[in-house]
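Trainee: I'd like to go over a predicted model; first the sequence, then the structure.
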Amino acid sequence: MSLLNRQHSVLPGFGLSFGISVVWLSLIVLLPFAALVLMSTKLGWSAFIATVGAERVIASLKLSFGASAIAALINAVFGFLLAWVLVRYPFPGKRFIDALIDLPFALPTAVAGIALTTLYAPNGWIGQYLAPLGLKVAFTPLGIVIALVFIGLPFVVRTVQPVLEDLEKELEEAATCLGASRGQIFRRVIFPAALPALITGTTMAFARATGEFGSVIFIAGNIPLVSEIAPLIIISKLDQYDYLGATAVAVVMLGLSFVLLFAINAIQWWAARRHGGGR
Amino acid sequence: MTIDIRNIRKTFGDFVALDNVDLTIASGELLALLGPSGCGKTTLLRIVAGLERPDSGQVLFSGQDATHTHVSERQVGFVFQHYALFRHMTVFDNVAFGLSVKSRKERPSKEEIRERVMKLLKLVQLDWLADAYPSQLSGGQRQRIALARSLAVEPKVLLLDEPFGALDAKVRKDLRRWLRDLHDEIHITSVFVTHDQEEALEVSDRVVVMDHGHIEQVGRPDDIYESPATPFVTQFLGDVNLFHGRVDGGSLTIGDYAHSLGQQHAGQSDDAVAYVRPHDLDVSRVADGALAAGTVEHIHAVGPVVRIELAQIGSGETIEAALTKERYRELGLMLGDTVYVTPKKVAVFLKDQAQQDYVI
């Protein structure tokens, strides 16, 4: 709705509530970002390039976004499956499992990190069996992916679940009457209906993963060029009072996240349009 | 294709949805299953479709037992009350769905599918909406698309579950006339479920009236309306006045009044309830052959019929009569007048028969 050409609405208080929303959003979200970008300009162009282009920084950015993308995709598959099972099948302990899904939301991320490290360290419960197979999980990018899968899972489950719950039984009955097999019903009726939600959930899991710090630093081992994530680079620069350097890396992360989220939103918009018929 | 329903029973927990129902549906007819909500009509329809399994009994398609045939192999078209269109598909893809899920061997070519879908869309008069999405359509259009979709696979039976239930009154009227025309055109054995007696009587070849899991009456719409078999059917099919009295010696006695009945009540002697529709009730100033007397309480003179509400003298119950404008003028009725009501047509049920009063 254009502000200049807005229609008369029966709901009162549009001006007031919209004004408060804009101010609030500016204060909480836009202002810090603006400050960040402004701060980074102090650095100067060449210094900025030098900081951001450093081998360690590039490697960490690749790792952060790469591991987040892999984790998000894994979550997309298993999150969907989990949501499906929770919605579709009655089984004992269903409520318990349902409650368990939220645990990664609630748990302090450091706790998750410590727990995962304990499990996957070469002498840990699971790690000790994986080590002889030549599989190292803790202190490698694999460990980072596992931590990111852990913290991203609820995002996918909690966005897909309600959509699957709301799917009318009649859609499937209609498809069956028309001769569709179970596989065809899933592929052509259920999955497309849940796809927009799945994309949203996966995007959220991805966004959360790129910024994740607490659960990752324990299991990552933080080996430069191998398992050092971008947020850690920022922290370590801050530790060394290199505020401008930290800001530069932060701005790059911000920019990358923004571009990626924008792209995913475009896909989302496209999917929703297909689904909703251009509402 | 004929459908034989034999001794079907279905329960949900303690609730008996269908209590040993028998019904034969003739090939090519348009049959209405009519009844109040919870009477089992939808369950029966879903059992015919194969969406629900009966606890016992059989469903025969053209004499072949289809009780255990899977829905997808029964070749039934099913239309849902809330359309159940696939929202992420265009109208065209919705209608083409049944053809496109066929195995490669049976699937028609792309051109054939296109041709058939467009033909169906023309049949439902919506070919100009082929590229639209369901959310862009009105309710009536959606239901027509749902119908076209179910017809695409050339079903042997068309089953419609309250097909007009979600539509507003005007669209509903148009659509039911349209369904009637469509059926006359394609002559597919069709069963539709409705709780709207007007709809059932207007559209169908035969009506099945159901209540509490069993069939009350089966017949042509005019037969059912003119000679309802049970008190339930009488009350369900439209407004009706009740008179409690006694049948004896071939006449009906209500209080001080006696009305002579036809031959079929000659030998009976029992308490009875007489049902008279408002338009079968004449109002007169003389007591000859009257059922009751009443004082005029309200006169609604808007429209082609004048509806008179009377308070029955003695019981105080409301009697409703519908008179033509001419008759009303002739009588010169005024509020407070005491008049007599005479039935032109009366349905009498003896007491044990009339016990099962209709409750919503």
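Mentor: That came in fine, so what should we check first? Numbering: from 1, shown residues only, chains lettered A, B, ... in the order given.
Trainee: check contacts around residue B:69.
Mentor: Under the criterion of C-beta atoms under 8 Å, 6 or more residues apart in numbering or on different chains, the contact list for residue B:69 reads B:50, B:61. The C-beta positions use only the backbone N, C-alpha and C, and glycine is treated the same way.
Trainee: and it, helix, strand or coil?
Mentor: In the three-state summary, residue B:69 is assigned as coil, counting by DSSP: H, G, I helix; E, B strand; the rest coil.
Trainee: what's the helix or strand for residue A:200?
Mentor: Counting by DSSP states H and E, the element that carries residue A:200 is helix A:191-211.
Trainee: average pLDDT for the helix or strand that that helix is followed by?
Mentor: The C-terminal neighbour of helix A:191-211 among helices and strands, as given by DSSP H and E, is helix A:214-220. Mean pLDDT, taken over the full extent of helix A:214-220, equals 82.
Trainee: helix A:214-220 packs against which elements?
Mentor: Packing partners of helix A:214-220 (3 or more C-beta pairs under 8 Å, 6 or more residues apart in numbering or on different chains; DSSP states H and E): helix A:109-120, helix A:141-166, helix A:230-239.
Trainee: mind pulling up the pLDDT for the residue in chain B that chain A sits nearest to?
Mentor: Evaluated by C-beta to the nearest C-beta, chain B has residue B:133 as its residue closest to chain A, separated by 2.2 Å. The confidence metric pLDDT takes the value 90 at residue B:133.
Trainee: what about it, neighbour count?
Mentor: Look at residue B:133: counted by other C-beta atoms under 10 Å in any protein chain shown, it has 23 neighbours.
Trainee: what residues does residue 158 make contact with?
Mentor: I'll assume chain A. The contact partners of residue A:158, by C-beta under 8 Å, 6+ apart, come to A:101-102, A:201.
Trainee: try chain B instead
Mentor: The neighbourhood of residue B:158, defined by C-beta under 8 Å, 6+ apart, consists of B:76-77, B:79, B:150-151, B:188-191.
Trainee: so where is the chain shaky, pLDDT-wise?
Mentor: Here I'm looking at chain A. A:1-9, A:272-279 (pLDDT under 70).
Trainee: wait, chain B was what I had in mind.
Mentor: Those would be B:263-264, B:266, B:352-360, if you go by pLDDT under 70 across chain B.
Trainee: try it again with 80
Mentor: B:166, B:248-251, B:255-256, B:258-269, B:288-289, B:314, B:351-360 (pLDDT under 80).
Trainee: hang on, the earlier thing: which of the helices and strands packed on helix A:214-220 sits most buried?
Mentor: With neighbours defined as mean count of other C-beta atoms under 10 Å in any protein chain shown, the helices and strands packed on helix A:214-220 peak in mean count at helix A:141-166, which reaches a mean of 22.
Trainee: please state the offset of it from the chain centre?
Mentor: How far helix A:141-166 lies from its chain's middle: 8 Å, per C-alpha atoms, centre = their mean, to the nearest Å.
Trainee: can you state the direction angle for that helix and helix A:109-120?
Mentor: Angle between the axes of helix A:141-166 and helix A:109-120 is 120 degrees (criterion: axes from the mean of the first three to the mean of the last three C-alpha atoms, to 10 degrees).
Trainee: check which residues of whichever helix or strand comes after helix A:141-166 are buried.
Mentor: Using DSSP H and E, the helix or strand that directly follows helix A:141-166 along the chain is helix A:169-177. When burial is assessed from 16 or more other C-beta atoms under 10 Å in any protein chain shown, helix A:169-177 yields the following buried residues: A:170-177.
Trainee: can you put the residues you listed in CSV and add distance to chain B?
Mentor: Compiled in CSV, the buried residues of helix A:169-177 are given as follows (distance: C-beta to the nearest C-beta, whole Å):
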residue, distance to chain B
A:170, 4
A:171, 5
A:172, 9
A:173, 5
A:174, 4
A:175, 7
A:176, 5
A:177, 4
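Trainee: now those residues in TSV, with distance to residue B:11?
Mentor: Putting those into TSV (distance: C-beta to C-beta, whole Å) gives the following:
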residue	distance to residue B:11
A:170	23
A:171	27
A:172	24
A:173	21
A:174	26
A:175	28
A:176	23
A:177	24
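Trainee: elements contacting the helix or strand that contains residue B:175?
Mentor: For residue B:175, the element it lies in under DSSP H and E is helix B:169-186. Secondary-structure packing of helix B:169-186 (3+ C-beta pairs under 8 Å, 6+ apart): helix B:110-123, helix B:139-151, helix B:197-203.
Trainee: name the helices or strands packed onto the longest one?
Mentor: Spelled out, it's helix B:110-123. Using 3+ C-beta pairs under 8 Å, 6+ apart as the contact criterion, the neighbours of helix B:110-123 among helices and strands are helix B:91-100, helix B:139-151, helix B:169-186.
Trainee: over to the shortest one?
Mentor: On a contact count with 3+ C-beta pairs under 8 Å, 6+ apart, helix B:197-203 meets strand B:30-34, helix B:169-186, helix B:221-226.
Trainee: the second one: what's the following helix or strand?
Mentor: It refers to helix B:169-186. For helix B:169-186, the following helix or strand on the C-terminal side (DSSP H and E) is strand B:189-194.
Trainee: packing partners of that next one?
Mentor: Under the contact definition 3+ C-beta pairs under 8 Å, 6+ apart, strand B:189-194 sits against strand B:30-34, helix B:41-49, strand B:157-161.
Trainee: strand partners of the last one, parallel vs antiparallel please.
Mentor: Based on DSSP bridges, the strands next to strand B:157-161 in the sheet, each with its direction, are strand B:76-79 (parallel), strand B:189-194 (parallel).
Trainee: contacts only, for residue 155.
Mentor: Using chain A. In this structure, residue A:155 makes contact with A:75, A:79, A:201-202, A:204-205, A:208, judged by C-beta under 8 Å, 6+ apart.
Trainee: my question was about chain B, not that one.
Mentor: Contacts were defined as C-beta under 8 Å, 6+ apart; by that measure residue B:155 touches B:75-77, B:188.
Trainee: reduced to three states, what does it come out as?
Mentor: When classified by three-state DSSP, residue B:155 comes out as coil.
Trainee: need phi/psi at it.
Mentor: phi -70, psi 160 (degrees, to the nearest 10).
Trainee: do the same with residue B:133
Mentor: Per-residue torsions, residue B:133: phi -100, psi 150 (degrees, to the nearest 10).
Trainee: what's the spacing between it and residue B:163?
Mentor: Residue B:133 is 21 Å from residue B:163, where distance means C-beta to C-beta, to the nearest Å.
Trainee: check residue B:203 too.
Mentor: For residue B:203, the distance to residue B:163 - C-beta to C-beta - is 10 Å.
Trainee: and for these two, which residues touch both?
Mentor: For the pair residue B:203 and residue B:163, residues contacting each of them under the criterion C-beta under 8 Å, 6+ apart are B:179, B:192.
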